[in-house]
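**Student:** How does the following fold in three dimensions:
(2 chains)
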Amino acid sequence: MAIEKINMPQLGESVTEGTISTWLVKPGDKVEKYDPIAEVMTDKVNAEVPSSFTGTITELQAEEGDTISVGELICYIETTQGSDQSEAEDDIPEDKEKTETPPENKQKEEASGTKPRFSPAVVSLASKYDIDLKDVTGTGSGGRITRKDVEKFHSEGKGADVKEESKPSKVTAEPSPQKESAPSPSANTGDKEIPLSGVRKAIASNMVTSTTEIPHAWMMVEVDVTNLVKLREKHKESFKKEEGYSLTYFAFFVKAVAQALREYPELNSQWAGDKIIQKKDINLNIAVAKENELFVPVIKQADEKSVKGIARSISDLASKARQGKLTSEDMQGGTFTVNNTGSFGSVQSMGVINHPQSAILQVESIVKRPVYMDGMFGARDMVNLCLSLDHRVLDGLIAGNFLQKVKENLESLRLDDSIY
Amino acid sequence: MPVISYIQAVTQGLKEEMRRDNKVFVLGEDVGVRGGVFRATDGLYEEFGENRVLDTPLAESAIAGVGIGAAMYGMRPVAEMQFADFIMPAVNQIISEAAKVRYRSNNDWSVPMTIRAPYGGGVHGALYHSQSVEALFAGTPGLKIVMPSTPYDVKGLLKASIRSNDPVLFFEHKRAYRLIKGEVPEEDYTLPIGEADVKREGSDITVITYGLCVHFALQAAEKLEKDGIDVHILDLRTIYPLDKESVIQAAKKTGKVLLISEDNKEGGIISEVSAIISENCLFDLDSPIERLAGPDVPAMPYAPSMEKHFMMNPDKVEKAMRNLAEF
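**Tutor:** The predicted structure is shown next:
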């Protein structure tokens, strides 16, 4: 009986790390040698990790979603056979390295003998500054005077008493004062600690980048979408029957935004430090939530698609997201984000810009409200569109014009407009 | 800026150049349908078709030779040697033909060809999948040899190599392929061939190296920083012809120079760097010029313990840096 380690195996010649997608065992499980214990994903292959031993799994050292370097520990196993081969593998070379000192070092230490010897740099600096090297204290190996010692001696004014000062300055590690200031949150008894999934970590780091790097500004317009609602009602049933997926309000909004971006490409751009890059393609990220994960897949060339085409893309991407089948191709190349916050009942929100894009538009809930128009009050379907913008790239005027254009695109919809 | 891996930067560079210029084409073993054994040419066959992404027989001499011929007729071939270890049958084509055509034809002909090859060890590849071959080609005027360390440098230098009107050997460290990630702009840019790059500013010791060893040096430098040792790191990027100006400047900055290479020690690139420094920097030197390199044995061994002994790593680098700082 012995506890053995199982390490992340090498899954290909250029593969240096793997992400544990699923554990196939849990502590206490008995496994045979070569039984699969985990599924591992790399950007080159998806593979199963076989157990190197027969025995009982005692402890998992990695969570699902963790990325582990090749050769790093992933779990412990208690073996049933005696441990013999495994220990021999890794320990020997370490000891060897310690015992053999490289021969070059000897030559340096000899230099500390009787007569001081000076490097060319020290001699030339001493003669340049007219310094007598007997006055300089050496901090190099064996008390050798280094180039830095001479420079320091000179900068402090020669003759100054440098003897005491010169030594310690090199090795002081400064204590970092920042660490103590903010107490980090800690869990009390009864509190539940939830480990971070890979996706959660990615969301966290993206949000921090966005909010620390981008100076956000906000703006909101109110849009009368009574006609849009009627138009969608008209096609809703037959569309679902014929096409097999739903015609959502969101598709109309995405279409209106894509059209407006064509006219205001300033919003379809990115901050690049010393310049602004205006993107040619209009690729719209849409936010898709799945339990406690958030994905922003991309509708490519959204301005070239009909409402139907967009509805189809949304339906495809959403179902892929729910089944965890989004590919990196689906996620890349976005130039602007549209977020359907209305689907959770929100009527107003401040979106965090999807870095490095320059703006994000939140489509809120459509609500019926009394509105004064044409000399009387009437019940109209109203919606708020909230825009967050990168104030380095955009100013209020252009953002306002853009929102007016989106509003116009939506309000000018007619009952007999085509969705194809 | 998107963060991508070293190998993705290779693919992105190839793809963008092929879209930009239809004279650019790719040839090599398994580069087409299979997308390359390391996936460097992934997706090129689908996008550009069989006429621009050529699967060749297992004949490196022919891969180089066909490339040279096409290049002389105005094409811009990018030839892939599946492993740098396999480049040997093509040496005659590269050194006797590609490097010399412009000189021999009195400027009438030239060979605007790039040869890409994955080199280096630390991947349990043993002797035929681990070699560093750069020293065999360095010292051949007419050739340029580029060995980038970061994804940003990979894309910029690969594009510059493809646009170069003379032959370039482009060596990619295969362990860096998926290990090293970094920010790479999506837009078009090139970096100048023949220019070294300061990867870290420092005042106590100078490290000059290239390829994967740049990262080992950066990691070690971070550890030494905590002990008050400030390391200056110069990444050669192009190892032939060398950027002499930058080498001299970096050496003079601290007067203590450590040269690092994964290749065997004797006769390596760093030996030439050492010669440049001793020719130009005598009165600025504060210590002997140190070389840290692989042992002079025929090949990277297969046994893991022996491979570890041969291969460069951050611990060896840190130890050498510390010794030099204390000198």
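**Student:** Apart from its chain neighbours, what residue comes closest to residue 252?
**Tutor:** No chain specified, so I'll use chain A. In space, and not counting its chain neighbours, A:Phe252 is closest to A:Leu228: 5.5 Å by Cβ to Cβ, 6 or more residues apart in numbering or on different chains. Every C-beta, even on glycine, is put in place using the N, C-alpha and C of the backbone.
**Student:** look at chain B instead
**Tutor:** If the residues on either side of it in the chain are set aside, B:Lys252 comes closest to B:Asp284, at 4.4 Å by Cβ to Cβ, 6+ apart.
**Student:** from memory that neighbour sits against A:Val123, does it?
**Tutor:** No - B:Asp284 is beyond contact range of A:Val123, at 11.2 Å (criterion: Cβ atoms under 8 Å).
**Student:** now B:Ile180: how far from chain A?
**Tutor:** Distance, B:Ile180 to chain A, by Cβ to the nearest Cβ, to the nearest Å: 9 Å.
**Student:** Can you read off the pLDDT for B:Tyr128?
**Tutor:** Looking at B:Tyr128, its pLDDT is 94.
**Student:** I figured it hits B:Ile87, correct?
**Tutor:** No - using Cβ under 8 Å, B:Tyr128 is not in contact with B:Ile87, being 11.6 Å away.
**Student:** So these two - more neighbours on which side?
**Tutor:** Taking neighbours as other Cβ atoms under 10 Å in any protein chain shown, B:Tyr128 and B:Ile87 compare with B:Ile87 leading, 26 against 11.
**Student:** mind listing what B:Leu136 touches?
**Tutor:** Residues near B:Leu136 by Cβ atoms under 8 Å, 6 or more residues apart in numbering or on different chains: B:Val91.
**Student:** got the residues of chain B near chain A?
**Tutor:** B:1-2, B:5, B:7, B:38-39, B:118, B:123-125, B:129, B:174-175, B:177-179, B:185, B:187, B:204, B:226-229, B:254-256, B:282-287, B:290, B:304-305, B:308-309, B:323, B:326-327 (Cβ under 8 Å from any Cβ of the partner chain).
**Student:** out of those residues, which are buried?
**Tutor:** Applying a neighbour-count criterion of 16 or more other Cβ atoms under 10 Å in any protein chain shown, the buried members of those are B:5, B:7, B:38-39, B:118, B:123, B:125, B:129, B:174-175, B:177-179, B:204, B:229, B:254-256, B:284-287, B:290, B:308-309, B:323, B:326-327.
**Student:** show me where chain A has helices.
**Tutor:** Applying DSSP state H to chain A gives helices spanning A:85-99, A:104-110, A:120-129, A:147-155, A:178-181, A:198-213, A:226-243, A:249-263, A:307-322, A:328-331, A:396-411.
**Student:** Phi, psi for the closest residue to B:Pro192 other than its chain neighbours please.
**Tutor:** Excluding the flanking residues, the one nearest B:Pro192 by Cβ to Cβ, 6+ apart is B:Ala160, at 6.7 Å. Dihedral pair for B:Ala160: phi -60, psi -40, per degrees, to the nearest 10.
**Student:** hang on, isn't B:Ala160 packed against B:Thr190?
**Tutor:** Yes - using Cβ under 8 Å, B:Ala160 makes contact with B:Thr190 at a distance of 4.1 Å.
**Student:** Take the helices of chain A and write them to TSV, including mean neighbour count and distance to B:Asp166.
**Tutor:** Formatted as TSV, those follow (neighbours: other Cβ atoms under 10 Å in any protein chain shown; distance: least, Cβ to Cβ, whole Å):
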stretch	mean neighbour count	distance to B:Asp166
helix A:85-99	10	44
helix A:104-110	12	39
helix A:120-129	18	39
helix A:147-155	19	41
helix A:178-181	7	52
helix A:198-213	14	42
helix A:226-243	15	57
helix A:249-263	22	44
helix A:307-322	19	47
helix A:328-331	13	36
helix A:396-411	17	47
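**Student:** in chain A, which ranges drop under the pLDDT threshold?
**Tutor:** Applying pLDDT under 70 to chain A flags the ranges A:13-14, A:43-45, A:81-114, A:158-183.
**Student:** In contact with B:Asp230, which residues are there?
**Tutor:** Contacts for B:Asp230 (Cβ under 8 Å, 6+ apart) come out as B:Gly202, B:Ser203, B:Asp204, B:Leu224.
**Student:** any idea which of those residues is closest to chain A?
**Tutor:** B:Asp204 (7.3 Å; Cβ to the nearest Cβ).
**Student:** Please report how far the closest residue to A:Lys255 other than its chain neighbours lies from A:Leu413.
**Tutor:** Leaving aside its sequence neighbours, A:Lys255 sits nearest to A:Val307 (Cβ to Cβ, 6+ apart; 5.1 Å). With the distance defined as Cβ to Cβ, to the nearest Å, A:Val307 ends up 10 Å from A:Leu413.
**Student:** Then A:Lys368?
**Tutor:** 17 Å.
**Student:** who's more crowded, the two?
**Tutor:** Set A:Lys368 next to A:Leu413 and count neighbours by other Cβ under 10 Å: A:Leu413 wins out with 21 against 11.
**Student:** Assess the claim that the more buried one and A:Thr226 are in contact.
**Tutor:** No - with contact defined as Cβ under 8 Å, A:Leu413 does not reach A:Thr226; the gap is 9.5 Å.
**Student:** Is B:Val91 in a helix, a strand, or coil?
**Tutor:** The three-state label given to B:Val91 by DSSP: H, G, I helix; E, B strand; the rest coil is helix.
**Student:** List the contacts of it.
**Tutor:** By Cβ under 8 Å, 6+ apart, the residues touching B:Val91 are B:Leu136.
**Student:** Just grab the bridge partners of the residue lying closest to A:Gln404 once chain neighbours are set aside for me.
**Tutor:** Spatial nearest neighbour of A:Gln404, chain neighbours left out: A:Val221 (7.2 Å); criterion: Cβ to Cβ, 6+ apart. Beta-bridge partners recorded for A:Val221 (DSSP bridges): A:Leu385.
**Student:** Count the neighbours of B:Phe83 for me.
**Tutor:** Neighbour count for B:Phe83, taken as other Cβ under 10 Å: 23.
**Student:** Could you list the domains of the chain?
**Tutor:** Assuming you mean chain A. Residue ranges for the domains of chain A, per automatic domain parsing: A:2-164, A:214-411.
**Student:** my bad, the chain I had in mind was chain B
**Tutor:** B:3-183, B:197-326.
**Student:** next one: phi and psi at the residue nearest to B:Lys252?
**Tutor:** Torsion angles, degrees, to the nearest 10, at B:Asp284: phi -110, psi -10.
**Student:** in the longest helix anywhere in chain B, what's buried?
**Tutor:** Looking across chain B with DSSP H, the single longest helix is helix B:6-20. Neighbour counts over helix B:6-20 (16+ other Cβ under 10 Å) mark B:6-18 as buried.
**Student:** Could you export the residues you listed as JSON lines, including pLDDT?
**Tutor:** Converted to JSON lines, the buried residues of helix B:6-20 look like this (pLDDT from 0 to 100):
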{"residue": "B:Tyr6", "pLDDT": "97"}
{"residue": "B:Ile7", "pLDDT": "97"}
{"residue": "B:Gln8", "pLDDT": "96"}
{"residue": "B:Ala9", "pLDDT": "97"}
{"residue": "B:Val10", "pLDDT": "98"}
{"residue": "B:Thr11", "pLDDT": "97"}
{"residue": "B:Gln12", "pLDDT": "97"}
{"residue": "B:Gly13", "pLDDT": "97"}
{"residue": "B:Leu14", "pLDDT": "98"}
{"residue": "B:Lys15", "pLDDT": "97"}
{"residue": "B:Glu16", "pLDDT": "97"}
{"residue": "B:Glu17", "pLDDT": "97"}
{"residue": "B:Met18", "pLDDT": "97"}
